[in-house]
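Trainee: quick one: sequence plus predicted model below, questions after.
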Amino acid sequence: MVFVKTHDIGELNDNLIGKQVVLGGWIEDLRKLGKMSFITLRDVTGISQVIVKGELNDNLGEINRQSVVSITGIVQETKARDFPFEVKAEGIEVLGKAVHPLPVDPIGRMESNIDTRLNHRALDMRNQKTAAIFKMRHHVLQSLRKTLSDKKFLEITTPKIIGSASEGGADLFSLKYFGKTAYLAQSPQLYKEQMTLGLERVFEISNFYRAENSHTGRHLTEFTSIDIEAAFMDYNDVMDVLESLVVAVYKDISENCKNEQESIEHYIEIPSTPFEKVTYTQCVEELKKEGEQIEFGDDLQDSHLRIIGKNHPGFFFLTDWPMKLKPFYIREKDEDATLSRSFDLQYGFLELSSGGTRLHNPEMIKERLKEQGLDPSQFTDHLKTFEWGMPPHSGWGMGLDRLMTTLIGIDNVREVVLYPRDPDRLNP
Ligand code: AMO
(Lines give C-alpha, C1' and ligand atoms only; values in the text may rest on other atoms or scores of the structure.)
Protein backbone atom coordinates (compact mmCIF):
# COMPACT_ATOMS: atom_id res chain seq x y z
CA MET A 1 0.00 0.00 0.00
CA VAL A 2 1.28 3.47 -0.79
CA PHE A 3 1.31 5.59 2.34
CA VAL A 4 -0.33 8.99 1.93
CA LYS A 5 0.24 11.64 4.59
CA THR A 6 -2.57 14.22 4.51
CA HIS A 7 -1.00 16.74 6.89
CA ASP A 8 2.23 17.64 8.60
CA ILE A 9 1.75 17.91 12.37
CA GLY A 10 2.59 21.61 12.20
CA GLU A 11 -0.41 22.10 9.90
CA LEU A 12 -3.01 20.97 12.46
CA ASN A 13 -5.36 23.87 13.19
CA ASP A 14 -8.82 24.73 14.56
CA ASN A 15 -10.50 24.16 11.19
CA LEU A 16 -9.41 20.53 11.28
CA ILE A 17 -11.14 19.77 14.60
CA GLY A 18 -13.52 16.85 14.05
CA LYS A 19 -11.89 15.97 10.70
CA GLN A 20 -9.88 12.90 9.82
CA VAL A 21 -6.17 13.24 9.10
CA VAL A 22 -3.38 10.82 8.26
CA LEU A 23 -0.11 11.72 9.96
CA GLY A 24 3.33 10.20 9.55
CA GLY A 25 6.06 10.47 12.13
CA TRP A 26 8.18 8.91 14.84
CA ILE A 27 7.00 7.75 18.25
CA GLU A 28 8.80 9.91 20.75
CA ASP A 29 6.93 8.58 23.76
CA LEU A 30 4.38 5.82 24.38
CA ARG A 31 2.57 5.46 27.69
CA LYS A 32 0.15 2.57 28.20
CA LEU A 33 -2.38 3.23 30.94
CA GLY A 34 -4.60 0.15 30.90
CA LYS A 35 -7.58 1.00 28.72
CA MET A 36 -5.84 3.76 26.88
CA SER A 37 -2.44 4.71 25.54
CA PHE A 38 -0.84 8.08 24.91
CA ILE A 39 1.55 8.45 22.03
CA THR A 40 3.74 11.49 21.43
CA LEU A 41 4.22 11.64 17.68
CA ARG A 42 6.86 13.85 16.08
CA ASP A 43 7.49 14.82 12.50
CA VAL A 44 9.89 17.46 11.25
CA THR A 45 7.26 20.21 11.74
CA GLY A 46 6.12 19.52 15.30
CA ILE A 47 4.69 17.14 17.90
CA SER A 48 1.19 15.95 18.67
CA GLN A 49 -0.45 13.77 21.27
CA VAL A 50 -2.31 10.74 19.97
CA ILE A 51 -4.94 8.97 22.13
CA VAL A 52 -5.47 5.27 21.53
CA LYS A 53 -8.56 3.62 23.02
CA GLY A 54 -10.77 0.53 22.70
CA GLU A 55 -9.96 -2.33 20.37
CA LEU A 56 -7.08 -0.42 18.75
CA ASN A 57 -5.47 -0.10 22.19
CA ASP A 58 -6.10 -3.77 23.04
CA ASN A 59 -4.34 -4.79 19.82
CA LEU A 60 -1.56 -2.20 19.98
CA GLY A 61 1.15 -4.74 20.84
CA GLU A 62 4.78 -3.76 21.20
CA ILE A 63 5.84 -0.64 19.31
CA ASN A 64 9.33 0.58 20.16
CA ARG A 65 9.90 4.26 20.65
CA GLN A 66 11.39 5.96 17.56
CA SER A 67 9.64 3.57 15.18
CA VAL A 68 8.05 5.36 12.25
CA VAL A 69 4.27 5.05 12.02
CA SER A 70 1.30 6.19 10.05
CA ILE A 71 -1.61 7.26 12.22
CA THR A 72 -5.12 7.88 10.94
CA GLY A 73 -7.36 9.72 13.38
CA ILE A 74 -9.70 12.57 14.23
CA VAL A 75 -8.29 15.94 15.33
CA GLN A 76 -9.66 17.15 18.66
CA GLU A 77 -9.05 19.80 21.29
CA THR A 78 -6.74 18.83 24.10
CA LYS A 79 -6.34 19.53 27.79
CA ALA A 80 -2.66 18.65 27.63
CA ARG A 81 -0.48 21.73 28.03
CA ASP A 82 2.36 20.64 25.76
CA PHE A 83 0.31 20.13 22.60
CA PRO A 84 -1.99 22.51 20.71
CA PHE A 85 -4.19 19.62 19.47
CA GLU A 86 -4.53 15.90 19.90
CA VAL A 87 -5.59 13.13 17.56
CA LYS A 88 -7.93 10.25 18.48
CA ALA A 89 -6.45 7.28 16.66
CA GLU A 90 -8.54 5.17 14.31
CA GLY A 91 -5.67 3.23 12.77
CA ILE A 92 -1.96 2.77 13.41
CA GLU A 93 0.48 1.18 11.02
CA VAL A 94 4.15 0.63 11.77
CA LEU A 95 6.06 1.67 8.64
CA GLY A 96 9.56 1.05 9.97
CA LYS A 97 10.64 -0.45 13.28
CA ALA A 98 13.38 1.06 15.42
CA VAL A 99 15.63 -1.31 17.35
CA HIS A 100 15.83 -1.01 21.09
CA PRO A 101 18.05 0.35 22.49
CA LEU A 102 19.15 2.77 19.78
CA PRO A 103 22.87 3.65 19.58
CA VAL A 104 22.15 7.29 20.48
CA ASP A 105 19.12 8.70 22.26
CA PRO A 106 17.35 11.10 19.88
CA ILE A 107 15.46 12.72 22.76
CA GLY A 108 18.76 13.81 24.23
CA ARG A 109 17.88 12.58 27.74
CA MET A 110 21.05 10.49 27.58
CA GLU A 111 23.77 12.72 26.15
CA SER A 112 26.22 11.09 23.74
CA ASN A 113 29.66 12.46 22.90
CA ILE A 114 30.17 14.05 19.51
CA ASP A 115 32.00 11.06 18.01
CA THR A 116 29.17 8.69 18.89
CA ARG A 117 26.65 11.13 17.44
CA LEU A 118 28.67 11.57 14.24
CA ASN A 119 28.95 7.80 13.87
CA HIS A 120 25.13 7.68 13.89
CA ARG A 121 24.53 11.03 12.26
CA ALA A 122 21.24 10.18 10.54
CA LEU A 123 19.70 9.25 13.87
CA ASP A 124 21.30 12.27 15.55
CA MET A 125 19.24 14.36 13.11
CA ARG A 126 16.12 13.34 15.05
CA ASN A 127 17.55 15.12 18.09
CA GLN A 128 15.79 18.50 18.09
CA LYS A 129 18.98 20.39 18.90
CA THR A 130 20.83 18.88 15.95
CA ALA A 131 17.84 19.32 13.64
CA ALA A 132 17.63 22.99 14.70
CA ILE A 133 21.28 23.55 13.69
CA PHE A 134 20.68 22.14 10.22
CA LYS A 135 17.42 24.08 9.79
CA MET A 136 19.43 27.20 10.63
CA ARG A 137 22.14 26.20 8.15
CA HIS A 138 19.45 25.93 5.47
CA HIS A 139 18.21 29.44 6.30
CA VAL A 140 21.77 30.80 6.33
CA LEU A 141 22.34 29.45 2.81
CA GLN A 142 19.08 30.97 1.60
CA SER A 143 19.91 34.29 3.24
CA LEU A 144 23.42 34.41 1.72
CA ARG A 145 22.09 33.64 -1.75
CA LYS A 146 19.37 36.27 -1.45
CA THR A 147 21.66 39.06 -0.23
CA LEU A 148 24.36 38.35 -2.81
CA SER A 149 21.79 38.10 -5.62
CA ASP A 150 20.27 41.43 -4.49
CA LYS A 151 23.76 42.92 -4.72
CA LYS A 152 23.90 41.71 -8.37
CA PHE A 153 26.28 38.81 -7.85
CA LEU A 154 25.65 35.79 -10.11
CA GLU A 155 25.98 32.31 -8.64
CA ILE A 156 28.53 30.14 -10.44
CA THR A 157 29.78 26.58 -9.99
CA THR A 158 33.45 26.00 -10.74
CA PRO A 159 35.15 22.59 -11.19
CA LYS A 160 36.25 20.65 -8.14
CA ILE A 161 38.49 18.30 -10.15
CA ILE A 162 41.40 20.33 -11.46
CA GLY A 163 44.68 19.77 -13.30
CA SER A 164 46.94 22.02 -11.19
CA ALA A 165 46.94 23.82 -7.86
CA SER A 166 44.40 26.64 -7.59
CA GLU A 167 46.10 28.38 -4.68
CA GLY A 168 49.60 26.95 -4.76
CA GLY A 169 50.87 25.38 -1.57
CA ALA A 170 51.06 21.79 -0.44
CA ASP A 171 47.63 21.07 0.95
CA LEU A 172 46.22 19.42 -2.19
CA PHE A 173 44.55 16.03 -2.43
CA SER A 174 45.54 14.21 -5.61
CA LEU A 175 43.64 11.50 -7.41
CA LYS A 176 44.11 9.23 -10.41
CA TYR A 177 42.46 10.62 -13.49
CA PHE A 178 42.62 8.31 -16.55
CA GLY A 179 46.38 7.94 -16.44
CA LYS A 180 46.98 11.50 -15.25
CA THR A 181 47.09 13.11 -11.83
CA ALA A 182 44.23 15.44 -10.93
CA TYR A 183 43.63 17.41 -7.76
CA LEU A 184 40.66 18.40 -5.64
CA ALA A 185 40.20 22.17 -5.73
CA GLN A 186 41.28 24.06 -2.59
CA SER A 187 39.19 27.08 -3.60
CA PRO A 188 37.58 28.57 -6.72
CA GLN A 189 40.23 31.30 -6.67
CA LEU A 190 41.48 31.26 -10.28
CA TYR A 191 38.09 30.53 -11.87
CA LYS A 192 36.23 33.18 -9.90
CA GLU A 193 38.85 35.77 -10.87
CA GLN A 194 38.56 34.76 -14.53
CA MET A 195 34.78 35.10 -14.44
CA THR A 196 34.99 38.82 -13.61
CA LEU A 197 36.01 39.52 -17.20
CA GLY A 198 32.62 38.36 -18.46
CA LEU A 199 30.18 38.39 -15.55
CA GLU A 200 31.72 41.14 -13.37
CA ARG A 201 30.26 39.98 -10.04
CA VAL A 202 30.16 36.31 -9.15
CA PHE A 203 29.72 34.14 -6.08
CA GLU A 204 29.98 30.47 -5.33
CA ILE A 205 28.89 28.36 -2.37
CA SER A 206 30.54 24.95 -2.68
CA ASN A 207 32.70 22.40 -0.94
CA PHE A 208 36.48 22.64 -1.27
CA TYR A 209 39.28 20.40 -0.09
CA ARG A 210 42.42 20.91 1.97
CA ALA A 211 44.89 18.13 2.72
CA GLU A 212 45.77 19.77 6.04
CA ASN A 213 46.63 17.41 8.85
CA SER A 214 45.00 19.73 11.40
CA HIS A 215 43.20 18.45 14.45
CA THR A 216 41.28 21.48 15.70
CA GLY A 217 37.68 22.54 16.14
CA ARG A 218 37.92 24.78 13.07
CA HIS A 219 39.69 22.70 10.40
CA LEU A 220 38.13 20.14 8.09
CA THR A 221 39.56 18.48 5.00
CA GLU A 222 36.26 19.17 3.19
CA PHE A 223 34.64 22.49 4.03
CA THR A 224 31.99 24.72 2.51
CA SER A 225 33.24 28.03 1.22
CA ILE A 226 31.31 31.14 0.28
CA ASP A 227 33.35 33.01 -2.32
CA ILE A 228 32.83 36.26 -4.12
CA GLU A 229 34.78 38.09 -6.79
CA ALA A 230 33.87 41.50 -8.18
CA ALA A 231 35.24 43.60 -11.02
CA PHE A 232 35.86 47.31 -10.38
CA MET A 233 35.95 46.86 -6.62
CA ASP A 234 38.81 47.47 -4.21
CA TYR A 235 39.40 45.54 -0.99
CA ASN A 236 37.49 48.19 0.99
CA ASP A 237 34.45 47.65 -1.26
CA VAL A 238 34.45 43.88 -0.80
CA MET A 239 34.91 44.32 2.97
CA ASP A 240 31.70 46.40 2.85
CA VAL A 241 29.95 43.58 0.97
CA LEU A 242 31.18 41.07 3.56
CA GLU A 243 30.13 43.19 6.53
CA SER A 244 26.63 43.79 5.19
CA LEU A 245 26.28 40.11 4.25
CA VAL A 246 27.23 38.93 7.75
CA VAL A 247 24.86 41.43 9.38
CA ALA A 248 22.02 40.46 6.99
CA VAL A 249 22.48 36.76 7.83
CA TYR A 250 22.52 37.48 11.56
CA LYS A 251 19.32 39.56 11.27
CA ASP A 252 17.60 37.00 9.09
CA ILE A 253 18.38 34.08 11.38
CA SER A 254 17.58 36.05 14.52
CA GLU A 255 14.12 36.93 13.16
CA ASN A 256 13.22 33.79 11.22
CA CYS A 257 14.68 30.99 13.35
CA LYS A 258 13.13 31.72 16.75
CA ASN A 259 12.12 28.10 17.49
CA GLU A 260 15.56 26.88 16.46
CA GLN A 261 17.26 29.38 18.79
CA GLU A 262 15.04 28.11 21.59
CA SER A 263 15.96 24.49 20.79
CA ILE A 264 19.68 25.17 20.95
CA GLU A 265 19.24 27.63 23.85
CA HIS A 266 21.38 30.24 22.14
CA TYR A 267 19.98 33.62 21.14
CA ILE A 268 21.58 35.53 18.31
CA GLU A 269 22.83 39.06 18.93
CA ILE A 270 23.10 41.26 15.87
CA PRO A 271 26.64 42.62 15.59
CA SER A 272 27.08 46.38 15.61
CA THR A 273 28.59 48.11 12.61
CA PRO A 274 30.94 49.24 11.25
CA PHE A 275 33.23 46.34 12.11
CA GLU A 276 36.50 47.65 13.54
CA LYS A 277 39.50 47.67 11.16
CA VAL A 278 42.81 46.80 12.80
CA THR A 279 45.96 46.70 10.67
CA TYR A 280 48.50 43.89 10.87
CA THR A 281 51.10 46.50 11.98
CA GLN A 282 48.84 47.58 14.88
CA CYS A 283 48.47 43.92 15.89
CA VAL A 284 52.24 43.45 15.99
CA GLU A 285 52.50 46.51 18.25
CA GLU A 286 49.75 45.20 20.54
CA LEU A 287 51.50 41.84 20.75
CA LYS A 288 54.86 43.42 21.55
CA LYS A 289 53.20 45.40 24.35
CA GLU A 290 51.94 42.11 25.75
CA GLY A 291 55.50 40.80 25.77
CA GLU A 292 55.29 38.57 22.68
CA GLN A 293 58.43 37.96 20.58
CA ILE A 294 57.20 39.06 17.18
CA GLU A 295 58.56 41.22 14.36
CA PHE A 296 56.95 42.80 11.31
CA GLY A 297 56.70 40.08 8.65
CA ASP A 298 56.12 37.18 11.06
CA ASP A 299 52.87 35.29 10.60
CA LEU A 300 50.34 35.56 13.42
CA GLN A 301 50.28 32.27 15.31
CA ASP A 302 47.21 30.84 17.01
CA SER A 303 48.52 32.12 20.39
CA HIS A 304 48.90 35.63 18.89
CA LEU A 305 45.39 35.58 17.46
CA ARG A 306 44.02 34.57 20.84
CA ILE A 307 45.58 37.70 22.38
CA ILE A 308 44.37 39.93 19.53
CA GLY A 309 40.93 38.28 19.74
CA LYS A 310 40.71 39.13 23.45
CA ASN A 311 41.63 42.76 22.70
CA HIS A 312 39.02 42.91 19.91
CA PRO A 313 36.10 40.63 20.74
CA GLY A 314 33.44 39.96 18.10
CA PHE A 315 33.82 40.80 14.42
CA PHE A 316 36.73 42.89 13.15
CA PHE A 317 38.82 43.17 10.00
CA LEU A 318 42.54 42.51 10.27
CA THR A 319 43.93 44.43 7.30
CA ASP A 320 47.07 45.32 5.35
CA TRP A 321 49.12 42.16 5.86
CA PRO A 322 52.76 42.07 4.69
CA MET A 323 52.93 41.05 1.03
CA LYS A 324 55.25 38.16 1.84
CA LEU A 325 52.55 36.47 3.95
CA LYS A 326 49.91 36.64 1.22
CA PRO A 327 49.21 34.41 -1.80
CA PHE A 328 50.60 35.31 -5.23
CA TYR A 329 47.35 36.86 -6.47
CA ILE A 330 47.14 39.61 -3.82
CA ARG A 331 48.05 43.17 -4.78
CA GLU A 332 50.44 45.50 -2.97
CA LYS A 333 49.55 48.92 -1.50
CA ASP A 334 50.53 51.87 -3.69
CA GLU A 335 52.09 53.80 -0.82
CA ASP A 336 54.10 50.87 0.60
CA ALA A 337 54.87 47.85 -1.57
CA THR A 338 55.77 45.70 1.45
CA LEU A 339 52.12 45.86 2.52
CA SER A 340 49.15 44.28 0.73
CA ARG A 341 45.58 45.30 0.04
CA SER A 342 44.32 42.34 1.98
CA PHE A 343 42.23 41.47 5.00
CA ASP A 344 40.92 38.71 7.19
CA LEU A 345 37.53 38.90 8.85
CA GLN A 346 38.02 37.75 12.43
CA TYR A 347 35.49 36.72 15.05
CA GLY A 348 37.67 37.12 18.10
CA PHE A 349 40.58 34.73 17.48
CA LEU A 350 38.71 32.82 14.75
CA GLU A 351 39.50 33.61 11.11
CA LEU A 352 36.25 33.58 9.17
CA SER A 353 37.30 34.98 5.84
CA SER A 354 40.25 36.28 3.89
CA GLY A 355 40.41 38.34 0.76
CA GLY A 356 41.85 41.34 -0.97
CA THR A 357 42.47 43.32 -4.11
CA ARG A 358 44.01 41.10 -6.79
CA LEU A 359 47.00 41.70 -9.00
CA HIS A 360 45.79 42.05 -12.54
CA ASN A 361 49.06 42.61 -14.37
CA PRO A 362 50.13 39.12 -15.62
CA GLU A 363 53.85 39.99 -15.51
CA MET A 364 53.54 40.91 -11.82
CA ILE A 365 51.65 37.68 -11.14
CA LYS A 366 54.46 35.68 -12.80
CA GLU A 367 57.02 37.46 -10.60
CA ARG A 368 55.01 36.70 -7.48
CA LEU A 369 54.56 33.05 -8.48
CA LYS A 370 58.34 32.70 -8.85
CA GLU A 371 58.96 34.48 -5.52
CA GLN A 372 56.72 31.90 -3.87
CA GLY A 373 58.51 28.96 -5.52
CA LEU A 374 55.64 28.25 -7.93
CA ASP A 375 56.11 27.55 -11.63
CA PRO A 376 54.31 30.10 -13.88
CA SER A 377 54.08 27.49 -16.66
CA GLN A 378 51.61 25.60 -14.43
CA PHE A 379 49.36 28.67 -14.57
CA THR A 380 49.36 29.28 -18.35
CA ASP A 381 45.60 28.80 -18.77
CA HIS A 382 44.99 31.29 -15.98
CA LEU A 383 47.60 33.86 -17.01
CA LYS A 384 46.38 34.09 -20.61
CA THR A 385 42.96 35.33 -19.43
CA PHE A 386 44.75 38.43 -18.13
CA GLU A 387 45.44 39.39 -21.75
CA TRP A 388 41.74 39.47 -22.64
CA GLY A 389 40.77 42.72 -20.92
CA MET A 390 40.86 41.60 -17.29
CA PRO A 391 39.24 44.28 -15.09
CA PRO A 392 40.72 45.25 -11.73
CA HIS A 393 38.96 43.03 -9.22
CA SER A 394 38.74 41.99 -5.57
CA GLY A 395 37.09 39.23 -3.59
CA TRP A 396 37.09 37.04 -0.53
CA GLY A 397 36.35 33.53 0.65
CA MET A 398 34.53 32.76 3.91
CA GLY A 399 34.14 29.40 5.62
CA LEU A 400 30.43 28.69 5.98
CA ASP A 401 31.06 26.10 8.69
CA ARG A 402 33.04 28.60 10.77
CA LEU A 403 30.37 31.28 10.25
CA MET A 404 27.76 28.79 11.50
CA THR A 405 29.72 28.18 14.71
CA THR A 406 29.57 31.92 15.50
CA LEU A 407 25.79 31.88 14.97
CA ILE A 408 25.08 28.89 17.17
CA GLY A 409 27.70 29.63 19.81
CA ILE A 410 29.51 26.26 19.60
CA ASP A 411 33.23 26.17 18.81
CA ASN A 412 33.47 22.90 16.84
CA VAL A 413 32.73 22.96 13.10
CA ARG A 414 31.83 19.26 13.26
CA GLU A 415 28.55 20.24 14.94
CA VAL A 416 27.41 22.17 11.86
CA VAL A 417 28.52 19.74 9.11
CA LEU A 418 26.42 16.67 8.27
CA TYR A 419 29.25 14.20 7.77
CA PRO A 420 32.48 16.01 8.64
CA ARG A 421 35.72 14.93 7.02
CA ASP A 422 38.96 15.38 8.93
CA PRO A 423 42.24 13.41 9.03
CA ASP A 424 40.63 10.85 11.39
CA ARG A 425 37.13 10.75 9.96
CA LEU A 426 36.29 9.38 6.53
CA ASN A 427 33.16 7.38 7.47
CA PRO A 428 30.19 7.25 7.65
P1 AMO B 1 41.66 30.95 2.84
O2 AMO B 1 42.61 29.83 2.55
O3 AMO B 1 42.03 31.89 3.95
O4 AMO B 1 41.48 31.88 1.55
O5 AMO B 1 40.22 30.36 3.10
C6 AMO B 1 39.11 31.21 3.26
C7 AMO B 1 38.27 30.78 4.45
O8 AMO B 1 37.86 29.43 4.29
C9 AMO B 1 37.77 28.80 5.56
N10 AMO B 1 38.66 27.63 5.59
C11 AMO B 1 38.41 26.50 6.26
N12 AMO B 1 37.36 26.10 7.00
C13 AMO B 1 37.39 24.88 7.56
N14 AMO B 1 38.41 24.00 7.40
C15 AMO B 1 39.50 24.34 6.66
N16 AMO B 1 40.51 23.48 6.51
C17 AMO B 1 39.53 25.64 6.05
N18 AMO B 1 40.41 26.30 5.26
C19 AMO B 1 39.87 27.50 4.99
C20 AMO B 1 38.20 29.81 6.59
C21 AMO B 1 39.02 30.79 5.76
O22 AMO B 1 39.03 32.08 6.33
N23 AMO B 1 41.20 31.99 -2.05
C24 AMO B 1 41.26 32.57 -0.73
C25 AMO B 1 40.10 33.53 -0.48
C26 AMO B 1 40.13 34.76 -1.35
O27 AMO B 1 41.14 35.50 -1.29
O28 AMO B 1 39.13 35.01 -2.04
C29 AMO B 1 41.23 31.44 0.29
O30 AMO B 1 40.92 30.31 0.01
O31 AMO B 1 37.03 30.41 7.13
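Mentor: That came through fine.

Trainee: when you work out contacts or count neighbours from here on, use the C-alpha atoms and nothing else.
Mentor: Noted.

Trainee: what are the ranges of the helices in the stretch 1-150 of the chain?
Mentor: Residue ranges of the helices in the stretch 1-150 of the chain, as given by DSSP state H, counting those that start in this stretch, are 54-58, 114-119, 121-124, 128-150.

Trainee: contacts only, for the closest residue to the ligand within the stretch 151-300 of the chain.
Mentor: Nearest residue of the stretch 151-300 of the chain to the ligand (CA to the nearest ligand atom) works out as His219 at 3.5 Å. Taking CA atoms under 8 Å, 6 or more residues apart in numbering, we find His219 in contact with 413, 422.

Trainee: beta partners of Leu339?
Mentor: Applying DSSP bridges to Leu339 yields these beta-bridge partners: Pro322.

Trainee: what is the burial count for it?
Mentor: If you count neighbours by other CA atoms under 10 Å, Leu339 ends up with 22.

Trainee: measure it to Leu56 for me?
Mentor: Distance, Leu339 to Leu56, using CA to CA, to the nearest Å: 77 Å.

Trainee: kindly report the residues of the stretch 101-250 of the chain close to the ligand.
Mentor: 187, 189, 210, 218-221, 223, 225 (CA under 6 Å from any ligand atom).

Trainee: pretty sure the residue of the stretch 151-300 of the chain closest to the ligand belongs to a helix, no?
Mentor: No - counting by DSSP: H, G, I helix; E, B strand; the rest coil, one finds His219 to be coil, located in no helix.

Trainee: and the helices of the stretch 1-150 of the chain as a markdown table, adding mean neighbour count and mean pLDDT?
Mentor: Output for these, formatted as a markdown table (neighbours: other CA atoms under 10 Å; pLDDT from 0 to 100):
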| stretch | mean neighbour count | mean pLDDT |
| --- | --- | --- |
| helix 54-58 | 14 | 96 |
| helix 114-119 | 16 | 97 |
| helix 121-124 | 18 | 97 |
| helix 128-150 | 18 | 98 |
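
Trainee: mind putting those into a markdown table with distance to Ile205?
Mentor: Output for these, formatted as a markdown table (distance: least, CA to CA, whole Å):
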| stretch | distance to Ile205 |
| --- | --- |
| helix 54-58 | 51 |
| helix 114-119 | 24 |
| helix 121-124 | 23 |
| helix 128-150 | 8 |
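
Trainee: and the nearest residue in space to Lys160 that is not next to it in sequence, what does it touch?
Mentor: Closest residue in space to Lys160, ignoring its immediate chain neighbours: Ala185 at 4.9 Å, by CA to CA, 6 or more residues apart in numbering. Counting by CA under 8 Å, 6+ apart, Ala185 makes contact with 159-162, 165-166, 172, 208-209.

Trainee: and Ala185, its phi and psi?
Mentor: Per-residue torsions, Ala185: phi -60, psi 140 (degrees, to the nearest 10).

Trainee: state the pLDDT value of it.
Mentor: In this model, Ala185 is scored at 96, pLDDT.

Trainee: give me the neighbour count for the nearest residue to Ile268 once chain neighbours are set aside.
Mentor: Of all residues not flanking Ile268 in the chain, Ser254 sits nearest, at 5.5 Å (CA to CA, 6+ apart). Neighbour count for Ser254, taken as other CA under 10 Å: 18.

Trainee: quick one: contacts for Ser254?
Mentor: Here Ser254 is in contact with 261, 267-270 (criterion: CA under 8 Å, 6+ apart).

Trainee: ditto for Arg201
Mentor: Residues in contact with Arg201, defined by CA under 8 Å, 6+ apart, are 152-154, 195, 228-231.

Trainee: good, we can wrap up now.
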